[in-house]
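> let's see this in three dimensions:
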Amino acid sequence: MIDTPLTFRPSAWVRDVQTADGVALLDIHQGTCFSLNPVGVRIWNMLKLQSSINEMSASIAAEFDVVEQQVRADVVEFIQRLDERGLAIRNGEKN
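Below you'll find the model as predicted:
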């Protein structure tokens with residue numbers, strides 16, 4: 001489980017490309033591609049700013065008028081998936 005005060009950042013190997021449907025993440029190290037929906041794009045952009053999970057959750061909850069507790073769980077799950085795939089890393093860790 002990810003501790004919510006932690007901050008993450010995109011991996012140095014990942015490039016993001018705007019598409020008509022959102023954003024595509026290209027992992028140039030692994031040769032893989034992932035697409036993000038609008039909420040995923042919002043989280044990704046906040047990762048680039050090194051926002052905390054708490055900041056992301058509050059911002060998305062306000063933007064989409066959703067309960068912050070549920071948003072936090074979804075943000076944590078999304079970042080865990082990015083972390084597992086090497087697309088995002090915890091601040092303080094090396095790529």
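
> I'd guessed Pro10 sits against Ile43; true?
No. With contacts defined as CB atoms under 8 Å, Pro10 does not count as touching Ile43, sitting 10.9 Å away. Every residue, glycine included, has its C-beta placed from N, CA and C.

> more neighbours: those two, which one.
Ile43 (26 against 19; other CB atoms under 10 Å).

> what sits against the more buried one?
Leu36, Met56, Ile60, Val75, Phe78, Ile79 (CB atoms under 8 Å, 6 or more residues apart in numbering).

> check contacts around the first one.
Leu36 is in contact with Gly22, Val23, Ala24, Leu25, Ile43, Trp44, counting by CB under 8 Å, 6+ apart.

> redo that, cut-off 7 Å
Each residue near Leu36 by CB atoms under 7 Å, 6 or more residues apart in numbering is listed here: Gly22, Val23, Leu25, Trp44.

> so who does Val39 touch?
For Val39, the contact set (CB under 7 Å, 6+ apart) comprises Ile60.
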